[in-house]
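Undergrad: curious how this folds, go ahead:
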Amino acid sequence: MIQKPRAFEIAKDLELSSKDIIILLEGFGVHLKNHMARLEDNELDIIFEHYTQAHIVADFSAFFNVVPNEPATHEVSVPETAPEKKEKKNIKIARVVDTRPQNVDLTHLDTEKIEKLVDDKVLESGKKKEKIKKGHQQKGKQTKRDVSEVAKVEHAQKPVVREPKLLVLPDEISVGELASKIGASGVDIVKKLVQLGTFAAVSDVIDFDTAALIAEEFNALAEREIIVTDEDILLAEESDNDSDMTHRPPVVVVMGHVDHGKTSLLDAIRDTHVTDSEAGGITQHIGASVVNINGKNITFLDTPGHEAFTSMRARGAQVTDVAILVVAADDGIMPQTVEAINHAKAAGITIIVAINKIDKEGANPERIKQELTEHELLIEEWGGDTICVNVSALQKTGIENLLEMVLLVAEVKDLKANPNKHARGTIIESRLDRGKGAVATVLIQSGTLKVGDVIIAGTAVGRVRAMHNHLGERVESATPSMPVEITGLAETPSGGDLFYAVTDEKRARDVAEARKQKIKDEINKSRRKVSLDNLFDSIKEGEMKELNIIVKADVAGSVEAVKQSLEKLSNDEVKVRTLHGGVGGVTETDVMLASASNAIIVGFNVRPDPSALVSAEQSGVDLRLYRVIYEAIEEIELAMRGMLEPKYKEVIIGHASVRATFKVSGVGTIAGCYVTDGKISRNCEVRVNRDNIVVYEGKLDSLKRFKDDAREVASGYECGIGLERYNDIKEGDVIECFVMEEVER
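TA: So this is what the prediction gives:
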């Protein structure tokens, strides 16, 4: 391969300095690093064109001094002095290389001198040719050479349009790597970023959108890199043809307040006696069953309440189509009824209200219907869209009507699934059996599950060894909306996990291992939940469009007041929405709902129970407790503006339960207490909780162990406690001891 010449070599051949060559090329927009730079063909053309044009010969008469009547061979007459001309007429000289440009500018030539040097005959024939040429040009015709010359000029004048370069970029890329892909310097990329208002170094990482904008500036189009994992390949969704879609049975969950007759209603529907075999009439298991009404099946999920329902939804499982809300006609809407309504609404499923116990004395179904309107459930006969059915689980009346309404809702929803593909569904419950190993109850949602299929559910992988339906009968296959119990998994999956039937067992095990590692990684790093501390950042980053809040207060009036006041804080960037409001302390159910819906719990004049406190800490739910309503409103408003700067945090020291009370003259009421956890310290602040409602908050007046004053009393010991300016202490009260620790800003 011939190496391209360097700048100093061309300068030497032209008897110039290297600096002259560099300066010349800079005038044409070409920048050489130094005299050692190698020159491209177009750069050589610029140099030669410039210096040949700069040294055009004005007079060619000496070169055209040809002797008449002699052939113009390679012998050229050289002008000489008069004496020498007589002796020599023709001298053969060396060949001269013509480095002049092909397009000679005739305006610079002395035409009169040239004509004298040319023979008359040659001149006459040349004039004729010139006339013919001019005649052709006047008629608008051009020779092939003329056309090609014009085409070359026009092509040179046209701007070169380059096709944009196609780049495949990941979600995040460093500035230096982007520069390498574009073919530009890192400094140029940084300059463009500064123009866009982003300050980044070459080693910094930018997102795809920013990188795409920068690429456009350099005539490049960016496409997002699609990373296909083993899980994507393994769990790829199979396409559904309309011809394969068939109607499936509706899946129903029964919800409501405790003792309102949920299990009794299912008992009446299935005509079994589940309640008789259970301690205290409380459902002890999670199961599923199928009933046949008028030749059509309905699948019922028998849950112990909305806790399991919420747990499944928190894992991303949407298993139910209809929720039957059981309300006792003689009792009315209760706190758990309201929670069930809010859970069903949050899940976006249809609610059918079953007013139970209409045969009991004091039953008032009309009052129930009125109370339902207070929770945005307007029944059909009053112009709403909520179906309401009067039933009696004991007398088994209204059951047929209720089931017909379920089928009607299913018909309106047009529930369909494709049974002709690999099965997918949800784990309803799982347990470890001593003889069978891991046993899981699953609900098929699409496809058909068969004995021998390899399935993956969460981190569990296995092959289906046996399948039993809700009646305990062994079956070989299960179709959509059918619950079955399966064995064969290597470990017990979690309730609410999605399961998939797959063909590649090895890849399934690899995916399960990757999921286990991901869980470990997530445990190691803190899971970011929405809180008042990060609320403004979430709003600013566009993550937060809606702030969900759960309100718990000591009285119903406070609940409504707090809800209305907080919802008024909504603005253009974020809408404040109250998911649930209730009277009483913060429970674990509230924390589960907050975790599933990414909500903040606001407690007004109430306290959380111990299990709720632990659950909130583990799941990262922000739990805010206030004594004054305007403090709650002000703090959330400041958080939305990004001006929240907490100064102190509350640290619980210990709890003591009041076992007895003694009245001492001149002192007041002394509480005989037992320290249940932590310790009670003389210098701490205390509050008195009665059924998780705060009835007093202040300071200790006295702390005694027997008759002696004590600085602190540890867990497991008894003590006497006197409170400052408060004597209304009662047995069963819980005295909570806490201190306020300053938090660095």
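Undergrad: Ile729 touches Leu723, doesn't it?
TA: Yes: here Ile729 reaches Leu723: they are 6.9 Å apart, a contact under C-beta atoms under 8 Å. Quick note: C-beta positions are derived from backbone N, CA and C, even for glycine.
Undergrad: send the alpha carbons of stretch 486-495 over as PDB?
TA: C-alpha atoms of stretch 486-495 as PDB (Å, rounded to 0.1, in the frame of the first residue of the first chain):
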ATOM      1  CA  ILE A 486     -50.600 -29.400  42.800                       C
ATOM      2  CA  THR A 487     -47.500 -31.200  44.100                       C
ATOM      3  CA  GLY A 488     -43.900 -31.300  42.700                       C
ATOM      4  CA  LEU A 489     -42.400 -27.900  43.400                       C
ATOM      5  CA  ALA A 490     -39.000 -27.900  45.000                       C
ATOM      6  CA  GLU A 491     -40.000 -25.300  47.600                       C
ATOM      7  CA  THR A 492     -43.200 -23.600  48.700                       C
ATOM      8  CA  PRO A 493     -44.000 -20.400  46.700                       C
ATOM      9  CA  SER A 494     -45.600 -17.400  48.300                       C
ATOM     10  CA  GLY A 495     -49.300 -16.600  48.000                       C
END
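Undergrad: just the buried positions in it, please.
TA: Ile486, Thr487, Gly488, Leu489, Thr492, Pro493, Ser494, Gly495 (16 or more other C-beta atoms under 10 Å).
Undergrad: which ones are touching the fourth one?
TA: Pointing back at Leu489 there. Applying C-beta atoms under 8 Å, 6 or more residues apart in numbering to Leu489 gives the contacts Ser430, Gly437, Ala438, Ala440, Ile455, Ala457, Ala460, Val461, Gly462.
Undergrad: leaving out sequence neighbours, find the closest residue to Ala184.
TA: Phe218 (5.6 Å; C-beta to C-beta, 6 or more residues apart in numbering).
Undergrad: please read the previous query as pertaining to Lys663.
TA: Closest to Lys663 by C-beta to C-beta, 6+ apart is Thr669, at 5.5 Å.
Undergrad: wait, the one you found touches Asn727, no?
TA: Yes: between Thr669 and Asn727 there is a contact at 4.0 Å, judged by C-beta under 8 Å.
Undergrad: report the set of residues contacting both of the two.
TA: Lys663.
Undergrad: before we move on, the earlier item: redo the buried residues of stretch 486-495 as CSV? Include pLDDT.
TA: Output for the buried residues of stretch 486-495, formatted as CSV (pLDDT from 0 to 100):
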residue, pLDDT
Ile486, 93
Thr487, 93
Gly488, 92
Leu489, 92
Thr492, 88
Pro493, 88
Ser494, 81
Gly495, 78
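Undergrad: now for those, which pair is the farthest apart?
TA: The span of the buried residues of stretch 486-495, defined through C-beta to C-beta, is set by Gly488 and Gly495 at 18.0 Å.
Undergrad: so what's Ser611 up against?
TA: The contact partners of Ser611, by C-beta under 8 Å, 6+ apart, come to Thr587, Glu588.
Undergrad: before we move on, what SS does it have?
TA: Following DSSP: H, G, I helix; E, B strand; the rest coil, Ser611 is assigned to helix.
Undergrad: that one and Gln618, how far apart?
TA: To Gln618, Ser611 is 11 Å away according to C-beta to C-beta, to the nearest Å.
Undergrad: just confirm Lys516 is within a strand.
TA: No: using three-state DSSP, the secondary structure at Lys516 is helix, not a strand.
Undergrad: ramachandran coordinates for the residue lying closest to it once chain neighbours are set aside?
TA: Excluding the flanking residues, the one nearest Lys516 by C-beta to C-beta, 6+ apart is Thr459, at 5.0 Å. Torsion angles at Thr459 (phi, psi; degrees, to the nearest 10) stand at phi -100, psi 10.
Undergrad: on the three-state scheme, Lys192 is what?
TA: Secondary structure of Lys192, reduced to three states by three-state DSSP: helix.
Undergrad: just checking, it touches Ile214?
TA: Yes: counting by C-beta under 8 Å, Ile214 is a contact partner of Lys192 at 5.2 Å.
Undergrad: neighbour-wise, which of the two wins?
TA: The neighbour comparison of Lys192 against Ile214 (other C-beta atoms under 10 Å) goes to Ile214, with 25 against 20.
Undergrad: check what pLDDT the residue nearest to Lys516 gets.
TA: pLDDT recorded at Thr459 is 90.
Undergrad: same question for Asp622.
TA: With respect to pLDDT, Asp622 scores 88.
Undergrad: for it, which non-adjacent residue is closest in space?
TA: Spatial nearest neighbour of Asp622, excluding adjacent residues (C-beta to C-beta, 6+ apart): Ser531 at 3.6 Å.
Undergrad: pretty sure that neighbour sits in a helix.
TA: No: per three-state DSSP, Ser531 lies outside any helix segment and is coil.
Undergrad: pretty sure Val252 is touching Val322, no?
TA: Yes: between Val252 and Val322 there is a contact under C-beta under 8 Å: 4.8 Å.
Undergrad: what touches both of those two?
TA: Listed as contacting both Val252 and Val322 by C-beta under 8 Å, 6+ apart are Val406.
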